[in-house]
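# generate coordinates for the sequence data below:
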Amino acid sequence: MSKLSMEKESISTEAENPGSSDDGALPVVVIGAGPAGLTAALELTRAGRRCIVLESDPEYVGGIARTVNYKGFRLDIGGHRFYTMIDEITNWWHEVLPDDFIEVNRISRIYYSKRFLDYPLRAWNALSKMGLWFAIVAVVSHIHRKLRPIKPEISFRDWV
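Numbering: from 1, shown residues only. As a prediction, this is how the structure comes out:
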């Protein structure tokens, strides 16, 4: 979504909700114009809040999910992979990008320890390709944490 598209969406949303964004509240500052930042700003704007989106790139929005024009060639910066099993999220993106949201069948894999694993991960695929010892350790570790979870979860490592 370009800056202009975002501004147009913001303007049209404010027009649909006249006066609702001027309730005296300070605007919400969103740091970063990647997919998460733009999503937050759009939803806040739709809810009647004023937003200011700060982006360090003076020309492009989209974070690592953007396409740039370099010497007439369009280059993808990130992987542009979108995966969710939640229909509400998929439908939201189809609504926001009706003509730009394309679906392509392609295989994604993770290269780990000289082996390719399916992505999204599938338990049998990962365990069978990583060898018997790795599979045993992974399953025992999983069962151990299910029986004795770390509480409270303070870090990402605790959560994983």
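# so in the protein, where's the weakest helix or strand by average pLDDT?
helix 3-16 (a mean of 46; mean pLDDT, DSSP states H and E).
# which helix runs longest in this structure?
helix 132-147 (DSSP state H).
# quick one, phi psi at residue 118?
Backbone geometry at residue 118, expressed as degrees, to the nearest 10, gives phi -60, psi 150.
# per-residue pLDDT, it?
Here, the pLDDT recorded for residue 118 equals 92.
# same thing with the one 4 residues further on?
Per-residue confidence (pLDDT) for residue 122: 90.
# any idea how far it is from residue 129?
Relative to residue 129, residue 122 is positioned 10 Å away (Cβ to Cβ, to the nearest Å). C-beta coordinates here come from the backbone N, C-alpha and C atoms, glycine included.
# can you give me the strands for this protein?
Listed in chain order, the strands of the chain (DSSP state E) span residues 28-31, 51-54, 67-70, 73-76, 108-112, 115-119.
# the second one pairs with which strands?
The sheet places strand 51-54 alongside strand 28-31 (parallel), with pairing taken from DSSP bridges.
# hang on, the earlier thing: more crowded one of residue 122 and residue 129?
Taking other Cβ atoms under 10 Å, residue 122 and residue 129 do not tie; residue 129 has more neighbours (15 against 11).
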